[in-house]
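# sequence first, predicted model second:
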Amino acid sequence: MPIAYISHPDCLLHDVGNFHPERPARLSAIHDQLIMSGLEFVLTPHDAPLAERQHLERVHDADYVKSLFDWTPEHGVEDLDDDTIMTSNTLNAALRAAGAVIHAVDLVMADEVKCAFCAIRPPGHHAEQHHAMGFCYFNNIAVGAAYALDVMRLERVAIIDFDVHHGNGTEHIFEEDPRVLFCSSFQHPFYPYTGHESDTAHVVNIPLPAGANGQKFRQEVEAHWMPALHKFKPQLVMISAGFDGHLEDEMGHLLLQETDYAWISGELKEVANQYAEGRVISSLEGGYALGALGRSVAAHLDALLGHS
């Protein structure tokens, strides 16, 4: 069965300048690599809808959601923090990004596809309940997970985040919700300097030192994530797919390669096959070295198709 590939041209319009690493060329690099690899023929394209406020407000404070609408500039930019900047096109891109994950939930729960990849920007996993941060405005994966739980009435959703940065927003949103198992790996110490002291039964964090390679990553996943996932038996597997832990990515200092992303993707697909009727939703987070990003996403999707 093909993978749903959910994106929208609005996600290319959020552009705060070539100086910023979270730039439109990221999606173009992914698209180009998928064409080169031939994977475009096994992907079914879907346009991401705009997320509705009611869905955003399951995980974000209503006043914060309103503030993003109010702060959208007609011209120029609005700085929300040192690296999270709004332009006139940012809000629609962020609404498409969150809407993509909601649409992915609809598709997999209707059994139209087993897997969906949301090729979206801006990313989401740093966005907190009350504020934006770290290039993120709405917490896309959290919006989708809450929708799966509250609308689709699932009882157990696993979120796995292998971005080089800890998914602080996702953890904080669900840290008191036992319906969600949150598994995260990240470089530590490193921005946003959270996650290393988490002590919750349904949060399984793997802080990795700078210079950790694929072997170290795999050992930690097998020791910590996999037992937790098998005990939890998720009905839906959701992935915050950040590829900035790649050895070519200067945003971090991990030494992961495409083969490592293929491996973890295959492992998570096996978990989904065992407990979740094969349902996997992956949503793009980080990844800023364009060549490495394209190759890593291709390896990720190839593994979800069962080819690795």
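Everything's here; your move.

# contacts for stretch 262-277?
111, 114-115, 158, 160, 162, 214, 217-218, 221, 226, 229-230, 233-237, 239, 278-280, 282, 299-304, 306, 308 (C-beta atoms under 8 Å, 6 or more residues apart in numbering). For the C-beta atoms, the positions are set from N, CA and C on the backbone; glycine is no exception.

# which of the residues in it are buried?
Buried residues in stretch 262-277, counted by 16 or more other C-beta atoms under 10 Å: 262-269, 271-272, 275-276.

# next: stretch 68-83.
For stretch 68-83, the neighbour count (16+ other C-beta under 10 Å) marks 68, 72, 80 as buried.

# host element of the first one?
To tie it back to what came earlier, the one meant is Leu68. helix 62-71 (DSSP states H and E).

# packing partners for that helix?
Packing partners of helix 62-71 (3 or more C-beta pairs under 8 Å, 6 or more residues apart in numbering; DSSP states H and E): helix 53-56, helix 90-109.

# flag the shaky bits of this protein, pLDDT-wise.
Regions of the chain meeting the criterion pLDDT under 70 cover residues 308.

# what's the closest non-adjacent residue to Pro234?
In this structure, Pro234 finds its nearest non-sequential neighbour in Ala158, 3.6 Å apart by C-beta to C-beta, 6 or more residues apart in numbering.

# in a helix, the one you found, correct?
No: Ala158 is assigned strand when assessed by DSSP: H, G, I helix; E, B strand; the rest coil, not a helix.

# how far away is it from Tyr193?
To Tyr193, Ala158 is 25 Å away according to C-beta to C-beta, to the nearest Å.

# settle it for me: which of the two has more neighbours?
Ala158 (28 against 11; other C-beta atoms under 10 Å).

# show me the contacts for the more buried one.
So Ala158 contacts 180-183, 229, 232, 234, 236-238, 271 (C-beta under 8 Å, 6+ apart).
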